[in-house]
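Colleague: just a sequence and a predicted model for now, questions to come.
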Amino acid sequence: MWEDPRYFWVVQCKNHWFHLRKNLFFRHRIPLGETDAVTPRPAIDQRFKARCDECGKEYLYKPSEVVRFEQDPPESFTPHPLFRDEETGA
């Protein structure tokens with residue numbers, strides 16, 4: 001069966017030691033907002049904080065650390081404030 005892929009803007013959690021215990025070869029991705037396969041990254045001009053949904057730690061991220069990633073939506077997902085306008089089309 002064909003399924004439409006879902007894309008999210010994500011950053012990788014910087015709390016490596018916490019996530020390393022679960023999987024040595026996987027870095028946990030923090031979803032920031034839903035997107036599609038072609039939309040360019042939102043214009044973010046400064047560092048921003050993002051809290052990990054798994055370990056609970058909050059870190060500063062540079063705009064260049066935001067990447068598009070194909071994944072299933074998290075069970076309880078709230079978009080990051082910087083990425084909320086994009087979903088509404090505003």
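Modeller: All right, it came through fine.

Colleague: could you list the low-pLDDT ranges of this protein?
Modeller: Within the chain, the stretches with pLDDT under 70 are 1-2, 24, 85-90.

Colleague: all strands for it, in order.
Modeller: Shown for the chain, the strands assigned by DSSP state E span residues 7-12, 29-35, 48-51, 58-61, 67-70.

Colleague: out of these, which comes closest to Thr78?
Modeller: strand 29-35 (9.5 Å; C-beta to C-beta). Glycine gets a C-beta too; all of them are placed from N, C-alpha and C.

Colleague: can you mark which positions in that closest one are buried?
Modeller: For strand 29-35, a neighbour-count test (16 or more other C-beta atoms under 10 Å) marks 29-33, 35 as buried.

Colleague: redo the residues you listed as CSV? Include distance to Gly56.
Modeller: Formatted as CSV, the buried residues of strand 29-35 follow (distance: C-beta to C-beta, whole Å):
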residue, distance to Gly56
Arg29, 15
Ile30, 11
Pro31, 15
Leu32, 16
Gly33, 20
Thr35, 25
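
Colleague: tell me which two in the residues you listed are the farthest apart.
Modeller: Ile30 and Thr35 (14.4 Å).

Colleague: quick one: contacts for the residue lying closest to Arg27 once chain neighbours are set aside?
Modeller: In space, and not counting its chain neighbours, Arg27 is closest to Gln12: 4.5 Å by C-beta to C-beta, 6 or more residues apart in numbering. Gln12 sits next to 27-30, 65 when contact means C-beta atoms under 8 Å, 6 or more residues apart in numbering.

Colleague: between those residues, which sits nearest Arg47?
Modeller: Glu65 (9.2 Å).

Colleague: burial count for the closest one?
Modeller: 15 (other C-beta atoms under 10 Å).

Colleague: ok, now Pro40?
Modeller: Pro40: 7 neighbours (other C-beta under 10 Å).
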